[in-house]
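Engineer: Using only what follows, build the 3D model:
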Amino acid sequence: MTAHRIIPSADISSARATVTNWENQLRNIIDGYKSYTSISHAVQKDAVQNGWDARTDKRHGKGWSMEFELIKSKSGNSYLTITDTGTTGLTGRVLTAAELLADLPAEERWGRFENVAFTKNQEEEAIGARGRGKFIFVGASKDKTILYDTVKADGSYRFGFRTIVLTDSPVNSFDDDAGRDKLVQYVKKDFAPIDRTGTRIIIVNPVDELVGAITSGEFLRYLEETWWEIILRYDANICVTNSGDKKTVKIPHDFKLPDSDTSSIKVWKKDNIDITFGGATHRIKHLHFACNLRNEVAEDIRGVAIQRSGMKVCAINIPYVPRNFANSFYGYVSFDRDLDFVMQKQEGIEHYSFEFRKGVALAVKRKLEDEMERFAIEKLGIGIRAEDRRREMQSTAEREAVYAINRILKKLGIASNMTGGGGGGGGGGGGKKKPLRLEMSDFKFPRAIRRVNYGERLQGAAVFAANDTNDKVIVNIKIYIVKGDQQAGGHLYDQNIDLDPKQRIEIKALNLEINQNNYPASGKYSVRVKMVAISVATLKKGSEIDKTGKTFYVEEDPPEEGLFERCDAVEYPEEEDSVSIMGEAIPGEDQGYIFQYNTNHTAYDANSDAENIKNYLVRIMADEVPRVILRSEEQEVFDEETTENAEHLAREISKLQGKIMYDYYGS
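Structural biologist: Coordinates of the predicted model:
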């Protein structure tokens with residue numbers, strides 16, 4: 001249902017327009033580019049983007065070329081002209097304001113170029129898609145002015161200009177002979193109108209930085225480093241001319257990627273690597289790394305160049321290796337057509353970054369880090385697996401998050417009487433249960449605490465598996481005992497089982513004889529139970545569905561602990577009732593709670609980097625604390641009057657969560 005405007009159209013049409021400070025707008029755009037690179041680098045990148053997008057031979061790029069020419073005229077002005085050929089030219093009409101309200105079709109290139117934020121349709125395949133590039137050209141002009149002319153396939157000519165004044169960015173255009181006359185008038189016959197199909201952009205009086213980069217040869221290197229792929233694959237013709245001296249852009253001489261190892265260079269090369277994310281499979285088409293064992297490589301080609309549609313967007317450096325290896329490592333990765341399109345949506349507006357913290361871009365980054373780590377281990381003999389390092393950092397964050405929130409809860413007087421009571425896994429004990437889950441009843445201990453001595457038995461515990469879905473599933477269930485992080489003995493149970501829809505079955509009753517042969521050292525032991533997908537419609541094979549367990553202490557008393565025993569990462573099924581759960585507290589193995597957090601939740605994807613995961617876990621555990629409190633019969637945090645009034649209870653819950661986070665960030 002579409003909402004109606006509150007303000008009538010007549011009142012809107014008679015209202016005052018908002019004044020925009022265009023000089024500040026331009027400065028903000030330039031600063032956005034400068035946060036990644038120089039004006040000179042951005043000029044060449046956006047220029048070739050625009051020209052390559054407009055090539056007429058999309059498949060082979062035949063007949064396409066681009067020339068950058070620095071002209072110092074007798075009139076005292078200087079110009080940088082950017083001319084493409086083998087392109088469509090700036091097709092389309094000079095559009096009215098009313099026409100600009102519609103989504104501009106692909107052929108209205110003139111309208112798109114002249115106007116702001118009328119960007120390419122999301123379904124179009126193009127390198128540039130945000131419409132900001134024209135302003136890097138304006139920002140590269142001391143006069144904040146660009147001229148542009150075009151010849152279309154039908155032979156028609158058009159000339160236009162854009163400039164910046166304080167509160168406006170005016171444009172104007174002139175067709176055919178009137179346009180040619182205007183160009184000659186403006187440039188005082190320093191050069192003639194373009195006379196072949198294509199487009200030319202003219203930066204009037206380019207800034208000193210840009211002139212210096214062209215004069216020194218740096219500009220040529222920028223083009224080589226950014227566009228080597230279209231030169232290699234399409235024999236793309238790009239050249240730079242300065243005072244009549246023309247130089248053609250080539251593949252960087254030091255960007256040599258052998259197909260196999262040499263005496264001085266180690267190589268890692270793979271094709272067609274699949275990445276699964278969000279139920280869809282994407283493909284890295286080419287992955288090619290190299291490390292020069294004798295010499296460092298130039299700084300601008302270090303790391304893995306992330307290529308999209310033939311253009312280098314950014315680079316990712318190899319992690320966890322000594323500096324000499326990092327400075328000698330280079331290569332690239334490119335995507336198939338579908339992944340190219342998906343990655344475009346996560347690309348920064350300046351075309352120098354991706355949003356690597358979430359979505360497919362995060363999955364791509366992790367895959368690249370995994371491959372770089374394998375390269376470092378197998379070819380360079382250094383480093384540890386990225387997956388192992390990530391898990392180590394995640395485990396550290398889990399421990400630190402549990403310690404932090406337990407400390408805060410004890411300080412607030414909340415931890416002492418909110419025990420979990422050993423109710424089992426799967427979100428039991430009063431919370432919403434997972435559709436596929438484990439449940440475990442507790443042992444009957446010989447004494448009031450969870451201590452058992454040699455010669456005694458632990459009995460009364462049993463493990464159950466439940467399937468509340470409408471589908472038959474096959475899962476693997478393992479039951480085993482650990483001491484610390486090490487498994488103690490073999491599996492008590494390890495089998496694949498079929499679970500029919502709406503079925504709950506007992507897996508195994510546990511009867512443990514405590515003796516020195518089975519439990520040679522005193523201390524804490526844990527019975528661990530895991531459920532893993534074998535054939536589940538909503539999960540890939542091998543995904544961990546649920547886990548639970550119980551602890552006991554041999555020949556010693558258990559220590560006093562906090563509300564949360566630990567955090568467990570669990571991949572919840574991708575079902576509407578489950579995938580939205582960020583995390584939940586389930587009764588633990590001792591007298592506290594285990595906090596299970598959902599690694600399939602998009603919020604986890606956005607916070608799964610090492611620097612974010614601890615804060616994220618504390619935040620969602622704090623959200624769960626009120627539920628733990630309210631399901632405890634002994635709770636004294638919320639009085640009866642509060643719990644009977646939904647509005648009061650919501651406010652008190654919000655205040656408690658705020659106190660926890662205030663203490664966490666304030667300590």
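Engineer: who does residue 467 bridge with?
Structural biologist: Listed by DSSP bridges, the beta-bridge partners for residue 467 are residue 436, residue 503.
Engineer: Isn't it up against residue 439?
Structural biologist: No - counting by CB atoms under 8 Å, residue 467 stays clear of residue 439, with 11.8 Å between them. Backbone N, C-alpha and C define where each C-beta goes, glycine included.
Engineer: and for the two, which residues touch both?
Structural biologist: Here residue 467 and residue 439 have residue 504 as joint contacts, going by CB atoms under 8 Å, 6 or more residues apart in numbering.
Engineer: and after the host helix or strand of residue 43, which helix or strand comes next?
Structural biologist: For residue 43, the element it lies in under DSSP states H and E is helix 39-53. Next in sequence after helix 39-53, counting helices and strands by DSSP H and E, comes strand 65-72.
Engineer: Residue 298 is in contact with residue 224, isn't it?
Structural biologist: No - Residue 298 lies out of contact with residue 224 (CB under 8 Å); the separation is 10.5 Å.
Engineer: Tell me which of these two has more neighbours.
Structural biologist: Between residue 298 and residue 224, counting by other CB atoms under 10 Å, residue 224 is the more crowded of the two (20 against 14).
Engineer: nearest spatial neighbour of residue 296, skipping sequence neighbours?
Structural biologist: The shortest distance from residue 296 to any non-neighbouring residue, by CB to CB, 6 or more residues apart in numbering, is to residue 327 (4.3 Å).
Engineer: Now for that neighbour, how many residues are close by?
Structural biologist: Residues within reach of residue 327, counting by other CB under 10 Å, total 19.
Engineer: what about residue 413, which SS state?
Structural biologist: Classification of residue 413 by DSSP: H, G, I helix; E, B strand; the rest coil places it in coil.
Engineer: Now it, what are its backbone angles?
Structural biologist: phi 70, psi 30 (degrees, to the nearest 10).
Engineer: Can you give the contact residues for whichever strand or helix holds residue 202?
Structural biologist: Secondary structure from DSSP H and E places residue 202 in strand 198-204. Outside of strand 198-204, the residues within contact range by CB under 8 Å, 6+ apart are 43, 47, 50-51, 54, 77, 79-87, 89-90, 137, 140-143, 145-151, 187, 194, 210.
Engineer: just the buried members of the residues you listed?
Structural biologist: 43, 47, 50-51, 54, 77, 79-87, 89-90, 137, 140-141, 145-151, 187, 194, 210 (16 or more other CB atoms under 10 Å).
Engineer: Sort out for me which of those residues are in helices.
Structural biologist: Per DSSP state H, helices hold the following members of the buried ones among the contacts of strand 198-204: 43, 47, 50-51, 137, 187, 210.
Engineer: Pull up the per-residue confidence for residue 582.
Structural biologist: Predicted confidence (pLDDT) at residue 582: the value is 90.
Engineer: Next: residue 100.
Structural biologist: The per-residue pLDDT reported for residue 100 equals 57.
Engineer: Identify the residues contacting residue 176.
Structural biologist: If you count contacts by CB under 8 Å, 6+ apart, residue 176 has them with 156-158.
Engineer: Which of the three states applies to the nearest residue to residue 175 once chain neighbours are set aside?
Structural biologist: Among residues not flanking residue 175 along the chain, residue 158 sits closest, at 5.2 Å (CB to CB, 6+ apart). Under the three-state scheme (three-state DSSP), residue 158 adopts strand.
Engineer: what bridges to residue 158?
Structural biologist: Taking DSSP bridges as the rule, residue 158 bridges to residue 150, residue 175.
Engineer: That one: how many residues sit nearby?
Structural biologist: Using other CB under 10 Å, residue 158 is surrounded by 24 other residues.
Engineer: can you check residue 343 too?
Structural biologist: Around residue 343 there are 22 other residues, counting by other CB under 10 Å.
Engineer: mind checking which helix or strand it is in?
Structural biologist: Per DSSP H and E: helix 337-345 holds residue 343.
Engineer: re the thing from before, the residue nearest to residue 175 against residue 171, yeah?
Structural biologist: No - Residue 158 lies out of contact with residue 171 (CB under 8 Å); the separation is 11.9 Å.
Engineer: Quick one: residues contacting residue 401.
Structural biologist: If you count contacts by CB under 8 Å, 6+ apart, residue 401 has them with 567, 613-614, 617-618, 621.
Engineer: Run through the stretch 51-200 of the chain and note the low-pLDDT ranges.
Structural biologist: In the predicted model, the stretch 51-200 of the chain carries pLDDT under 70 at residues 95-106, 115-133.
Engineer: where along it do the strands fall?
Structural biologist: Counting by DSSP state E, counting those that start in this stretch, one finds strands in the stretch 51-200 of the chain at the ranges 65-72, 78-85, 145-151, 157-163, 171-175, 198-204.
Engineer: how about TSV for these, with distance to residue 460 added?
Structural biologist: Below are those laid out as TSV (distance: least, CB to CB, whole Å):
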stretch	distance to residue 460
strand 65-72	79
strand 78-85	80
strand 145-151	82
strand 157-163	81
strand 171-175	82
strand 198-204	81
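Engineer: And those strands: which comes nearest residue 367?
Structural biologist: Proximity to residue 367 (CB to CB) singles out strand 65-72 among those, at 33.3 Å.
Engineer: quick one: strands adjacent to the closest one?
Structural biologist: strand 78-85 (antiparallel), strand 237-242 (parallel).
Engineer: Which of those sits closest to residue 33?
Structural biologist: Of all the strands paired with strand 65-72, it is strand 78-85 that lies closest to residue 33, at 16.4 Å by CB to CB.
Engineer: angle of that closest one against strand 198-204?
Structural biologist: If you take axes from the mean of the first three to the mean of the last three CA atoms, to 10 degrees, strand 78-85 sits at 170 degrees to strand 198-204.
Engineer: Centre of the chain to strand 78-85, how far?
Structural biologist: Chain-centre distance of strand 78-85: 36 Å, with CA atoms, centre = their mean, to the nearest Å.
Engineer: Now do it: everything it contacts.
Structural biologist: With contact meaning CB under 8 Å, 6+ apart, strand 78-85 is reached by 43, 47, 50-51, 54, 63-73, 137, 140, 187, 190-191, 194, 196-206, 210-211, 214.
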